[in-house]
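J.: Sequence and predicted structure, then a few things I'm wondering about:
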Amino acid sequence: MMTMRSFYRTPEGVASRQGLAVALATSAYGISFGALAVASGLDVWQTCVLSLLMFTGGSQFAFVGVIAAGGLAAAPAAIASAALLGVRNAAYAMRMAPVIAGGFWRKAAATQFTIDESVAVGLSQHTSRARRAGFWVTGVAIWVGWNLSTLVGALLGDVLGDPRAYGLDAAAAAAFLALLWPRLRGRQPLAVAAGAAVVAALLTPVLMPGIPVIAAAGVAVAVGLFDPRRPSPAVSGTLEEKGMP
């Protein structure tokens, strides 16, 4: 009979330990989100529902950032901004489908837990069972921890009162920048970030909150479509035939 200690020495156990460690660190950000969401004008219950259903940190911070700048009138733009950031999860889902395996209902359940961290932990494992364990443990543990910490943060933010007295009216943008900063590696991401920042800065004074964010996203799309360094399909096929990545 396998004991808990012996389980943690298996590939699935190692993956589970990694997932729990990542979940513990990631869930702490939920306190910030809860406090910032309430400071941006959402009720405690609205903040909690947002974490329960949306459950993707970057999109959630973008949403409350736009709401903080433009109020509820900016809700359509906030939703659009959050949706743009959530598109990457669709790419994750396609990559993780063979890992999850199983039928329709299992894959449907996995969509809620397909986030950066669960995909990263899952794909870093070396066996199919360990990949599944890493994905599920990480995703479920973060979902539970994130929602609990969101509630705590929302209650604390509700007690604090006026966010401007503590500088929290600008904290949503700062928190989102903190999430983005580690991804700015290499010339192309830096160029995209700089171009998007210029576009957003130029449009912010003349457009309602949220619209400049959507326009800035067009910079990344344009770079992806017209990147001169990207090989043509014909060249890519030739490289693949030669065994080159």
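T.: All right, it came through fine. All values reported here derive from a predicted model rather than from experimental measurement. Numbers count the residues shown, from 1 in each chain.
J.: what's near enough to touch the nearest residue to Y29 once chain neighbours are set aside?
T.: Closest residue to Y29 apart from its sequence neighbours, by Cβ to Cβ, 6 or more residues apart in numbering: G57 at 6.2 Å. Every C-beta, even on glycine, is put in place using the N, C-alpha and C of the backbone. Listed by Cβ atoms under 8 Å, 6 or more residues apart in numbering, the contact partners of G57 are T26, Y29, F33, I115, W146, L179.
J.: shaky segments in the chain?
T.: 1-8, 68-81, 83-86, 160-189, 200, 203-214, 216-245 (pLDDT under 70).
J.: any idea how it splits into domains?
T.: Listed domain ranges for the chain are 4-183, 185-245 (source: automatic domain parsing).
J.: Any figure for the gap between the residue nearest to Y29 and F113?
T.: 13 Å (Cβ to Cβ, to the nearest Å).
J.: now R17
T.: As defined by Cβ to Cβ, R17 lies at a distance of 18 Å from F113.
J.: go on, A82?
T.: Counting by Cβ to Cβ, the gap from A82 to F113 is 18 Å.
J.: Over to W143?
T.: 6 Å.
J.: quick one, which of the two is more surrounded?
T.: Set W143 next to F113 and count neighbours by other Cβ atoms under 10 Å: F113 wins out with 22 against 19.
J.: and the closest residue to the more buried one other than its chain neighbours, how many residues sit next to it?
T.: Once flanking residues are discounted, F113 sits nearest to G139: 2.7 Å by Cβ to Cβ, 6+ apart. Applying other Cβ under 10 Å, we find 26 residues neighbouring G139.
J.: what does A215 give?
T.: Around A215 there are 16 residues (other Cβ under 10 Å).
J.: circling back to that earlier point, surely the residue nearest to F113 touches S118?
T.: Yes - counting by Cβ atoms under 8 Å, S118 is a contact partner of G139 at 3.7 Å.
J.: contacting residues for L155?
T.: Counted by Cβ under 8 Å, 6+ apart, L155 has contacts G34, V44.
J.: Just the element for it, please.
T.: Using DSSP states H and E, L155 maps to helix 128-160.
J.: So which bits of that helix are buried?
T.: By neighbour count on 16 or more other Cβ atoms under 10 Å, the buried set for helix 128-160 is 130-143, 145-151, 153-155, 157.
J.: tell me the phi and psi of L50?
T.: phi -60, psi -40 (degrees, to the nearest 10).
J.: Would you agree it is in contact with F63?
T.: Yes - using Cβ under 8 Å, L50 is in contact with F63, at 7.1 Å.
J.: the more surrounded of these two?
T.: Shown here are L50 and F63; by other Cβ under 10 Å, F63 has more neighbours (30 against 21).
J.: Quick check: the gap between the more buried one and K107.
T.: 26 Å.
J.: L190 versus the nearest residue to G145 once chain neighbours are set aside, what's the distance?
T.: Among residues not flanking G145 along the chain, S27 sits closest, at 2.9 Å (Cβ to Cβ, 6+ apart). Between S27 and L190 the distance is 30 Å, computed by Cβ to Cβ.
J.: between the two, who's got more neighbours?
T.: S27 (19 against 11).
J.: Could you pull up the residues touching that one?
T.: With the criterion set at Cβ under 8 Å, 6+ apart, S27 makes contact with A141, I142, V144, G145, W146, L148, S149.
J.: The fourth one contacts A25, correct?
T.: No - taking Cβ under 8 Å as the definition, G145 is not a contact partner of A25, at 9.6 Å.
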